[in-house]
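S.K.: Using only what follows, build the 3D model:
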Amino acid sequence: MKNFIWVLLSIVGFNSQATNVLCGHVFDAERGKMQTQQVLTMSDGLIESVADFDSQIIDLDFSKRYCLPGLIDAHTHLASEMGPGSYMYKYTLNAPDVTLNAVKHGQLTLQAGFTTVRDLGDSFGVTVALREAIKAGKVTGPRIYTSGESLATTGGHADPSNGYRDGLISPPTADDGVINSASEARRAVRKHYQDGTDLIKITATGGVLSQAASSDNSQFTDEELQAIIATANDYGFKVAAHAHGKQGMIRAIKAGVSSIEHGSYLDDEVIKLMKKHGTYLVPTLMAGAFVTEKAQIDGYFPPMVKKKAATIGPIIASAFNRAYLAGVKIAFGTDTGVSAHGQNAEEFAMMVANGMSPAEALMAATIKAADLIGEQKLGQLKAGFYADMVVTTENPLENINTLLTIPVVIKNGQVIKNEYQNE
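M.R.: Numbering: from 1, shown residues only. Take a look at the predicted model:
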């Protein structure tokens with residue numbers, strides 16, 4: 001199956017050359033401020049140097065523009081996209097369909113200025129194959145750090161058999177990401193290592209969009225969580241935990257996960273634990289707002305899902321504000337694939353509307369997201385870092401919505417998009 005997926009990926013060529021970029025303003029992700037009149041020299045996919053503007057020959061002149069590090073979305077699902085009737089996709093889509101959709105979604109994501117994503121849950125091993133195809137220059141797309149299939153428990157959020165009638169498919173096993181013991185947990189993590197994933201994602205609680213009654217009940221035992229984390233540590237994996245409910249978050253944080261995704265029902269006790277353990281919150285405000293809006297449309301969600309989705313948006317927004325004011329570490333993440341791909345930047349305005357400054361929101365999508373991923377060459381425009389950059393016409397520290405339409409995208413020193421070139 002994986003060989004078949006590779007055959008489906010079309011070929012696009014890349015060039016490698018040194019490029020000088022004059023930026024009128026450069027976002028300093030460490031300090032959350034703009035620097036002026038800087039020249040960035042890019043070579044072999046890295047930033048070679050950053051210096052004050054002098055008489056260097058300029059290949060790309062953005063002297064009146066604002067240059068930012070390539071944006072990072074720490075929670076995406078490139079292989080899927082929610083829509084009316086999408087609950088039928090698992091009955092109608094095969095691996096080739098999912099693969100081609102993922103290629104398209106990756107291209108939309110990159111065009112929107114997100115040069116790196118953390119993908120948290122797919123099927124058929126699509127995002128592993130897509131990651132490698134992008135690295136090889138066979139298709140365009142963001143740099144991908146993928147968890148592959150999420151780890152779940154029987155009947156829990158991300159159990160791929162949910163919604164099927166009995167007897168239609170074989171019960172999922174640890175090799176499919178469904179575990180029911182510490183021993184199976186260890187096997188599932190090792191299987192992800194064998195499959196080439198970059199991290200592990202667990203569904204520590206129920207979820208809004210799964211066809212199960214609860215969105216917040218705990219779904220792993222302490223022993224299962226400890227086995228997952230210990231084995232993940234052996235293989236150099238970080239662990240991201242989808243979690244809405246308080247007790248599931250507490251168990252996951254104590255076990256040692258790197259991030260809580262969503263965090264809907266966090267309270268002071270959860271916040272205290274997150275700060276003690278240095279656990280990131282990835283809030284996914286867009287996803288909450290999207291499903292609450294769509295829950296008003298008859299037939300958009302199955303009845304069980306509609307009931308859960310109808311109220312979750314404001315709850316996630318409130319949790320984000322509470323965590324932010326308390327000083328919890330926050331990384332930018334949208335859960336795109338719930339909402340439409342290519343619209344990821346809408347999360348910025350929601351973060352600002354719920355308490356963050358524009359500078360802090362940008363830092364969440366650059367230096368903070370890079371720290372969560374654990375990649376030392378991401379998130380800043382500095383010598384030795386990946387040559388990933390986006391350029392805007394307006395100052396995003398004054399108008400965060402300018403990030404909704406990004407005219408220039410550079411990844412690995414290659415100009416992916418430049419809407420200024422014909423001016």
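S.K.: who touches the closest residue to residue 360 other than its chain neighbours in this structure?
M.R.: Spatial nearest neighbour of residue 360, excluding adjacent residues (CB to CB, 6 or more residues apart in numbering): residue 32 at 6.6 Å. C-betas here are computed from N, CA, C, even on glycine. Contact analysis of residue 32 by CB atoms under 8 Å, 6 or more residues apart in numbering lists 357, 359, 360, 362, 363.
S.K.: Check residue 338 too.
M.R.: 77, 82, 209, 284, 286, 287, 290, 291.
S.K.: Just say helix, strand or coil for the nearest residue to it once chain neighbours are set aside.
M.R.: Once flanking residues are discounted, residue 338 sits nearest to residue 287: 4.2 Å by CB to CB, 6+ apart. For residue 287, the secondary-structure state derived from DSSP: H, G, I helix; E, B strand; the rest coil is helix.
S.K.: What is the burial count for residue 287?
M.R.: Residues lying near residue 287 (other CB atoms under 10 Å) number 28.
S.K.: Same question for residue 172.
M.R.: Residue 172 sits with 18 neighbouring residues when counted by other CB under 10 Å.
S.K.: how far does stretch 110-121 stretch from start to finish?
M.R.: In stretch 110-121, first residue to last residue: 19 Å (CA to CA, to the nearest Å).
S.K.: Can you tell me what sits against the strand or helix carrying residue 104?
M.R.: Taking DSSP states H and E as the definition, residue 104 sits inside helix 95-111. Helix 95-111 is contacted by residues 1, 4-5, 8-10, 73, 76, 78-81, 93, 117, 122-124, 126-127, 129-130, 134, 139-142, 144, 336-337, 341-342, 344, 409, 411, 416-417 when judged by CB under 8 Å, 6+ apart.
S.K.: Would you indicate which residues of that helix are buried?
M.R.: Across helix 95-111, burial judged by 16 or more other CB atoms under 10 Å covers 95, 98-111.
S.K.: Work out the gap between it and the centre of the chain.
M.R.: 15 Å (CA atoms, centre = their mean, to the nearest Å).
S.K.: which strands and helices sit next to the following helix or strand past it?
M.R.: Counting by DSSP H and E, the next helix or strand C-terminal to helix 95-111 is strand 114-119. Judged by 3 or more CB pairs under 8 Å, 6 or more residues apart in numbering; DSSP states H and E, strand 114-119 is in contact with strand 71-76, strand 143-146, helix 367-373, strand 408-411.
S.K.: residues in contact with the longest one?
M.R.: So the one you mean is helix 367-373. Applying CB under 8 Å, 6+ apart, the contact partners of helix 367-373 are 29-30, 69, 72-74, 116, 118, 145, 238, 258-259, 280, 282, 329-333, 376, 378-380.
S.K.: if we can go back for a sec, list buried members of the contacts of helix 95-111 by neighbour count.
M.R.: Using 16+ other CB under 10 Å as the threshold, 5, 8-9, 73, 76, 78-81, 93, 117, 122-124, 126-127, 129-130, 134, 139-142, 144, 336-337, 341-342, 344, 409, 411, 416-417 are the buried ones among the contacts of helix 95-111.
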